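Novice: Build me a model:
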Amino acid sequence: MKPTIYLSGDHAGFELKNKIRYWLKKKGYETRDFGPYVYNKDDDYPDFVIPMARSLLKCKNKDSRGVIVAGSGEGEAIAVNKLKGIRASVYHGKNLEIVKTTREHNDANVLCMGARFVSENEMKKAIELFLKTKFQGGRHLRRINKYKSLGS
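Specialist: Numbers count the residues shown, from 1 in each chain. You can find the predicted model right below:
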């Protein structure tokens, strides 16, 4: 069974998020979209990314992941990383090694991407790598356990 992919973003990533959602569905993934559902240049990303992250945390399939497509991905990562159990990373394009490393070493469960920096094609490659890369555990788990109890 493929994991569920939880999606959200903001107005700047609205169009790309919808393309990514359609692409993921074509690849056989179940998706849960937390918005935005309509373009509104004045929307506030916490209204979408926080409910998405909370829902991801409740998911029984621990292979499920969150994908955020917004203007930069930075504020969104800061916001969701406030939630205990979320480990969000930002990808700004070019070198995919950071996507692989954030899964292998940090067990990241949310990938944030900036629509102003990352093309649709780059996003697709990053998401594929993010979904297929496994956490290595070992010394990395020891490090994660040192901060696991932090957060709200």
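Novice: Kindly state the pLDDT recorded for residue 151?
Specialist: pLDDT for residue 151: 58.
Novice: try residue 135
Specialist: At residue 135, pLDDT is 81.
Novice: same thing with residue 144?
Specialist: 77.
Novice: can you confirm it is in a strand?
Specialist: No. According to DSSP: H, G, I helix; E, B strand; the rest coil, residue 144 belongs to no strand; its state is helix.
Novice: Excluding chain neighbours, what is closest to it?
Specialist: residue 107 (6.1 Å; C-beta to C-beta, 6 or more residues apart in numbering). For every residue, glycine as well, the C-beta is placed using N, CA and C.
Novice: Can you report phi and psi for that neighbour?
Specialist: phi 50, psi 40 (degrees, to the nearest 10).
Novice: quick one: contacts for it?
Specialist: Shown in contact with residue 107 (C-beta atoms under 8 Å, 6 or more residues apart in numbering): 87, 135, 140, 141, 144.
Novice: Check residue 71 too.
Specialist: With C-beta under 8 Å, 6+ apart, residue 71 has these contacts: 10, 11, 12, 13, 114, 115, 116.
Novice: Same check on residue 125?
Specialist: Here residue 125 is in contact with residue 96 (C-beta under 8 Å, 6+ apart).
Novice: ok so, going back, just send the contacts of residue 71 back as a markdown table, with neighbour count, distance to residue 28 and pLDDT too.
Specialist: What follows is the contacts of residue 71, written out as a markdown table (neighbours: other C-beta atoms under 10 Å; distance: C-beta to C-beta, whole Å; pLDDT from 0 to 100):
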| residue | neighbour count | distance to residue 28 | pLDDT |
| --- | --- | --- | --- |
| 10 | 27 | 27 | 97 |
| 11 | 19 | 29 | 97 |
| 12 | 20 | 28 | 97 |
| 13 | 29 | 23 | 97 |
| 114 | 23 | 27 | 96 |
| 115 | 23 | 24 | 96 |
| 116 | 12 | 29 | 96 |
